[in-house]
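**Q** starting from these lines, generate the structure:
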Amino acid sequence: MRISDGELRRIQSGPAEDDDEGLMLVRVFFTATDPAAVIARAREVLGCVVERMDSWPAEEEWPKILPSWFVERSAPEVKPPGPVFDPADRAAAWLERWQATTPTEETTAAEETTDDKAPWSLSNWLFHFDPNEEEGGGDRSWWWWHAGTDAPGTGWIDVATTGLPFGTGTLYWLIEASGGADPGY
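**A** Next up is the predicted model:
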């Protein structure tokens, strides 16, 4: 059984009794005021992505496909400037960008370079699921398996993975954007 088989069904209703038991499952915990709502939102987003794996939409279509709350919580798309080869031109271009930056943008840029919990842009997050990207979705390292709540304020998501450690960034951002905090396994 391929790990990805039945993922949409598991997102929507959990694993079936006949699902393969020989997989490596990792439980990721998180905290939230309403962990069941976090799980529901995460299912909503990931379900939209997984059901389009066979017919991957263009980048500009995703904001219309994904829930608006997820799109709004994602970082703005930043298109890097084209390369500047002359050192004097490069310094002038940097100075021009810096002088045009507002104090809020300066703070945000500083936080993004030091905060591993900063919001992901939509395109960066989707890159890791894109089945057409050689180093993106073609090399996914986790797949939704099951989810639930334990104690008040605590939820969990089980993921199937190919081994430890695995790339948790996309999963953690999904949890955080859905209203969860402090994800970890």
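**Q** quick check: which element contains residue 156?
**A** strand 154-161 (DSSP states H and E).
**Q** what pLDDT does residue 135 get?
**A** pLDDT recorded at residue 135 is 56.
**Q** one step back: mind listing what's buried along the helix or strand just after the strand holding residue 156?
**A** Next along the chain after strand 154-161, taking DSSP H and E as the criterion, comes helix 169-177. Buried residues in helix 169-177, counted by 16 or more other Cβ atoms under 10 Å: 170, 171, 172, 173, 174, 175, 176, 177. In short, each C-beta sits where N, CA and C put it, glycine included.
**Q** how much space between the residue nearest to the third one when sequence neighbours are not counted and residue 159?
**A** It refers to residue 172. Leaving aside its sequence neighbours, residue 172 sits nearest to residue 183 (Cβ to Cβ, 6 or more residues apart in numbering; 4.5 Å). Applying Cβ to Cβ, to the nearest Å, the value for residue 183 to residue 159 is 11 Å.
**Q** what touches both of those two?
**A** Common contact partners of residue 183 and residue 159 (Cβ atoms under 8 Å, 6 or more residues apart in numbering): 28, 171.
**Q** so where is this structure shaky, pLDDT-wise?
**A** Within the chain, the set of residues satisfying pLDDT under 70 comprises 1-3, 18-22, 80-82, 84, 90, 103-117, 133-139.
**Q** for the chain, what spans make up the strands?
**A** Under the criterion DSSP state E, strands of the chain are mapped to 24-31, 142-149, 154-161, 181-184.
**Q** sheet partners, orientation included, of the last one?
**A** Pointing back at strand 181-184 there. According to DSSP bridges, strand 181-184 forms sheet pairs with strand 24-31 (antiparallel).
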